[in-house]
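Engineer: dropping a prediction and its sequence here:
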Amino acid sequence: MNKVVANADEAIKDIESGATLMLGGFGLCGIPENCIAALVRKGVNNLTCISNNAGVDDFGIGLMLQQKQVKKMISSYVGENAEFERQLLSGELEVELIPQGTLATRCMATGYGMPAVYLLAGVGTEVAEGKEVRTFKGKEYLLEEAFDSDFAIVKAWKGDTMGNLVFKDTARNFNPMMAMAGKITIAEVEELVEPGALDPNFVHTPGIYVHRIFQGANYEKRIEQRTVRKKQ
Amino acid sequence: MNKVVANADEAIKDIESGATLMLGGFGLCGIPENCIAALVRKGVNNLTCISNNAGVDDFGIGLMLQQKQVKKMISSYVGENAEFERQLLSGELEVELIPQGTLATRCMATGYGMPAVYLLAGVGTEVAEGKEVRTFKGKEYLLEEAFDSDFAIVKAWKGDTMGNLVFKDTARNFNPMMAMAGKITIAEVEELVEPGALDPNFVHTPGIYVHRIFQGANYEKRIEQRTVRKKQ
Amino acid sequence: MALNKEQIAQRIARELQDGFYVNLGIGIPTLVANYIPEGVNVVLQSENGLLGMGPFPYEGEEDADMINAGKQTITKLPGSAIFDSAMSFGMIRAGKVHLTVLGAMEVADNGDIANWKIPGKMVKGMGGAMDLVAAAENIIVAMQHTNPKGESKLLPRCTLPLTGVRCVKKIVTDLGVFDVTPDGFRCLEYAPGVTIEEIKQKTAGRLSIAEDAREMAF
Amino acid sequence: MALNKEQIAQRIARELQDGFYVNLGIGIPTLVANYIPEGVNVVLQSENGLLGMGPFPYEGEEDADMINAGKQTITKLPGSAIFDSAMSFGMIRAGKVHLTVLGAMEVADNGDIANWKIPGKMVKGMGGAMDLVAAAENIIVAMQHTNPKGESKLLPRCTLPLTGVRCVKKIVTDLGVFDVTPDGFRCLEYAPGVTIEEIKQKTAGRLSIAEDAREMAF
């Protein structure tokens, strides 16, 4: 049971053009920086990317957009990205916008073996178009299907060689659900440790969900909105 | 925001006869011993109990069965309990048996605000009787509704005064989902700590789900099957 | 004189009750945190996975792994809890968050809200807004009463694509405080110096004035 | 001579592949853990919330908080992970567990299985069995070929209430190893000294014998 790969290039080597990828992160927080860089290097294109956001012009998924590698984005919010806007308006890029909680839960449903769930968000809005509406106890819900993806690519704080993952602070965000949802799940971690180094009680993603793991390098961890207060 | 109550008797003081309760635990592992004792002392009856198991004759929910406090058990496995068997066969006790994963997921659905989910277990068996069967991608699923309960009573290892909970080892089991599912959730903990003592990254149940908390006393933590090996 | 943004936030803060779990949206709603009344303890939820959001970090202590839903660097407080996005929206849908405060482009007199999309303009997405308005028990909208052209944002019916239907319970604008009732908007309070006449003129939807409507005091 | 329980477990253990996540039921399936082949690393899942189940604890080191799905005291191994029951069955349903081994009262030649209820007797419940058989990609049944009365447990159709339908892939009994195929049971191996004739006689469901059927070696 050897899940450890040398680096991002090896981890993504069988991702081909046309694949559907889930990418963890919220904004630029908790994104798989090393794998994104490797995907840019590999030059695969026609990708469908399921990710809450689409990065900024020169970081995150924005780097893949610059290389025109993305055919379709499935996201809840795609602001802060001029190249994205240009491709969208020119028709080069397809976008499916999904409420954030629905996006998260459709990933979770996959990992829990639930083919579809009933959710509140979007009832009575254009999000509901074409979807089954059903009433439970007087409230209307939409039937939302679990997501399929070929690869889920997540970023964790620590991981062990058996694939167990631990996340730090709000860099957790979509990573655990996407880790559960990949046919193949690739995890990059800031620190790769031996089995036994993580407390089993505090593993966030059990290793059974993770197929490949490596210790990433040179994390930039860019901040989108640096807000601070002065010490008094 | 004061969630701390003095003890089990205070925590359960507004539980009335006829209530529907969720009780955490798997076998005798991770059960809310203090609250069960308080329910026996209070003498409420006609209870509907949602719990994976029904205890043994002289411990766990078995203590409530001895006092004929339970009208209906909703469980996945109810062996190891002679009094239970007697009441069941005599018609004093109603039992609804549910596959273990379905039981867990119906509790989780409540906590996640999902009114119903599609699950695999029981398709083609008597569990499917009266339930909607639906095919997704060639596989059949049953529509299973989220559970309603008046009170969820759980046992954690540590908790803080804001209701954040941490569980230990396999005593976690059903406790986190039930904690999420109670209209009122009562948590008894082995150790009650101040806010800040638990690492926010490793809280299992966020305090928002917990309404009352207290430090339990005199935990017996009985073992059902003591299996050991000899040191060589 | 109409309220400024800080005053709108200050007025909304009076709706907070001790023990509330609250989700504050981006913009004016964020400012509400600065006016939480003495003796009222609330826990702020950020839908990217945090309960117990604290203030911005001190200079030099900001951490890229610790942000709020507006992607601003923030801090945790003692008793905070971190969780994933699925659980975050799970607790929102399950009604565990007592109050959601968010902005809007339009509100209709039946409680419909539109705040995510302007046809013909670049659409950035709804983020978590649709989940929040669909699920929260109690939604307060913080917004300007009119748009820059002076047109009412309190309408008989939203003209923009909806974010949620029949969900807004209360609106605080620069002109006043309004409940959404079966009979439309109901003015409970008006900003200091603002006349009922002005409110009537700037409200396109059905409007009634509460018998005990009063001027806000700050 | 028919296999004993240890031998049934030993034979099933040969089905394990390196890297498998495996759920072992109560009874004979539990014994499989004692015969995992050299060089094959598997991770045992216990559906009450554990990956990486280790052996029983040493005397005096047992912990009431650390049990398996059979409620026996057990231990963790380095690299273990603990989770709640919802995630446990989530990973089972999502097909992450490669192999489930469990016992049965009856198996039908279409793969139906009955192992939880005997009408007229006290019903203890299905526990996690229905979830496991409904979801696992690969299910091996470990059982005696006949019941104490000598009646076949490999049937054309189950007579007892079902646990799951068309789910069993392989059966290892005291008499042999059988695949479940569209044409019914297919005997791949027979126990040392057991004749094909005996197997035919004790199998009530449709049965074929593989051309290369061979005697098991231990």
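Structural biologist: Received it, and whenever you're ready, just let me know what you need. Numbering: from 1, shown residues only, chains lettered A, B, ... in the order given.

Engineer: could I get the contacting residues of the residue located most distally from the centre of chain C?
Structural biologist: The centre of chain C is farthest from one residue, C:Gly60, which by Cα atoms, centre = their mean lies 30.8 Å away. With contact taken as Cβ atoms under 8 Å, 6 or more residues apart in numbering or on different chains, C:Gly60 is in contact with A:Val228. (C-beta placed from N, C-alpha, C; glycine too.)

Engineer: per-residue confidence for it?
Structural biologist: As predicted, C:Gly60 sits at a pLDDT of 94.

Engineer: mind checking the SS state of the nearest residue to A:Met114 once chain neighbours are set aside?
Structural biologist: Beyond its immediate neighbours in the sequence, the residue positioned closest to A:Met114 (Cβ to Cβ, 6 or more residues apart in numbering or on different chains) is B:Val117, lying 5.3 Å away. Assigned state for B:Val117: strand (three-state reduction, DSSP: H, G, I helix; E, B strand; the rest coil).

Engineer: going along the chain, name the strands of chain C.
Structural biologist: Secondary structure of chain C (DSSP state E): strands located at C:21-24, C:43-46, C:50-53, C:76-82, C:99-102, C:106-108, C:113-114, C:139-142, C:154-155, C:170-172, C:176-181, C:184-190, C:207-215.

Engineer: which residues does the fifth one contact?
Structural biologist: So that's strand C:99-102. For strand C:99-102, the surrounding residues in contact (Cβ under 8 Å, 6+ apart) are C:12, C:15-16, C:20-25, C:29, C:32, C:92, C:115, C:129, C:132-133, C:136-142.

Engineer: show the buried residues in those.
Structural biologist: When burial is judged by neighbour count using 16 or more other Cβ atoms under 10 Å in any protein chain shown, the buried members of these are C:12, C:15-16, C:20-25, C:29, C:32, C:92, C:115, C:129, C:132-133, C:136, C:138-142.

Engineer: restrict those residues to contacts with chain B.
Structural biologist: If you filter the buried ones among the contacts of strand C:99-102 for contact with chain B, counting by Cβ under 8 Å from any Cβ of the partner chain, you are left with C:Tyr21, C:Ile92.

Engineer: mind checking how far the residue farthest from the centre of chain C is from C:Pro78?
Structural biologist: When distances are taken as Cβ to Cβ, to the nearest Å, C:Gly60 and C:Pro78 turn out to be 21 Å apart.

Engineer: about what we covered before: check contacts around the residue nearest to A:Met114.
Structural biologist: Counting by Cβ under 8 Å, 6+ apart, the residues that B:Val117 touches are A:Met114, A:Val117, A:Tyr118, B:Thr105, B:Arg106, B:Ala109, B:Leu143, B:Glu144, B:Ala146.

Engineer: what's the answer for A:Ala104, then?
Structural biologist: Taking Cβ under 8 Å, 6+ apart as the criterion, A:Ala104 is in contact with A:Asn52, A:Phe174, A:Met177, C:Asp84, C:Ser85, C:Ala86, C:Ser88, C:Phe89.

Engineer: ok, C:Met66 next?
Structural biologist: By Cβ under 8 Å, 6+ apart, C:Met66 lies in contact with A:Asp169, A:Thr170, C:Pro57, C:Thr73, C:Ile74, C:Thr75, C:Lys76.

Engineer: A:Thr102: what secondary structure?
Structural biologist: Quick answer, by three-state DSSP: A:Thr102 is helix.

Engineer: that one reaches A:Ala121, doesn't it?
Structural biologist: Yes - with contact defined as Cβ atoms under 8 Å, A:Thr102 and A:Ala121 form a contacting pair (5.0 Å).

Engineer: what residues are shared contacts of the two?
Structural biologist: Counting by Cβ under 8 Å, 6+ apart, the residues touching both A:Thr102 and A:Ala121 are A:Val127, A:Leu142, C:Met130, C:Asp131.

Engineer: check the residues you listed and tell me the two furthest apart.
Structural biologist: When the shared contacts of A:Thr102 and A:Ala121 are compared pair by pair using Cβ to Cβ, the two farthest from each other are A:Leu142 and C:Asp131, 11.5 Å apart.

Engineer: ranges for the strands of chain A?
Structural biologist: Listed in chain order, the strands found in chain A under DSSP E are A:20-23, A:47-50, A:70-75, A:94-97, A:116-119, A:133-136, A:139-145, A:151-160, A:165-166, A:184-193, A:212-215.

Engineer: the ones you listed: which one's closest to D:Cys187?
Structural biologist: Taking Cβ to Cβ, strand A:184-193 is the member of the strands of chain A nearest to D:Cys187, at 36.7 Å.

Engineer: what residues sit buried inside the closest one?
Structural biologist: A:Ile184, A:Thr185, A:Ile186, A:Ala187, A:Glu188, A:Val189, A:Glu190, A:Leu192, A:Val193.

Engineer: spatially nearest residue to C:Gly150, not counting backbone neighbours?
Structural biologist: Closest residue to C:Gly150 apart from its sequence neighbours, by Cβ to Cβ, 6+ apart: C:Lys202 at 7.9 Å.

Engineer: the helix or strand of chain A with the lowest mean pLDDT packs against which elements?
Structural biologist: Among the secondary structure pieces of chain A, namely its helices and strands, helix A:82-89 has the lowest mean (mean pLDDT, DSSP states H and E), a mean of 88. On a contact count with 3 or more Cβ pairs under 8 Å, 6 or more residues apart in numbering or on different chains; DSSP states H and E, helix A:82-89 meets helix A:61-66.

Engineer: would you mind pulling up the elements that the helix it packs on packs against?
Structural biologist: Other elements packing on helix A:61-66 under the criterion 3+ Cβ pairs under 8 Å, 6+ apart are helix A:33-42, strand A:47-50, strand A:70-75, helix A:82-89.

Engineer: who are the contact partners of residue 51?
Structural biologist: No chain in the question, so chain A it is. By Cβ under 8 Å, 6+ apart, the residues touching A:Ser51 are A:Met22, A:Leu23, A:Gly24, A:Gly25, A:Ile61, A:Met73, A:Ile74, A:Ser75, A:Phe174.

Engineer: look at chain C instead
Structural biologist: C:Leu51 makes contact with B:Pro206, B:Gly207, B:Ile208, C:Tyr21, C:Val43, C:Leu44, C:Gln45, C:Ser80, C:Ala81, C:Phe83, according to Cβ under 8 Å, 6+ apart.

Engineer: could you dump the residues you listed to TSV with distance to C:Lys96 and pLDDT?
Structural biologist: What follows is those, written out as TSV (distance: Cβ to Cβ, whole Å; pLDDT from 0 to 100):
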residue	distance to C:Lys96	pLDDT
B:Pro206	9	98
B:Gly207	10	98
B:Ile208	5	98
C:Tyr21	6	97
C:Val43	11	97
C:Leu44	14	97
C:Gln45	9	97
C:Ser80	16	98
C:Ala81	12	98
C:Phe83	12	98
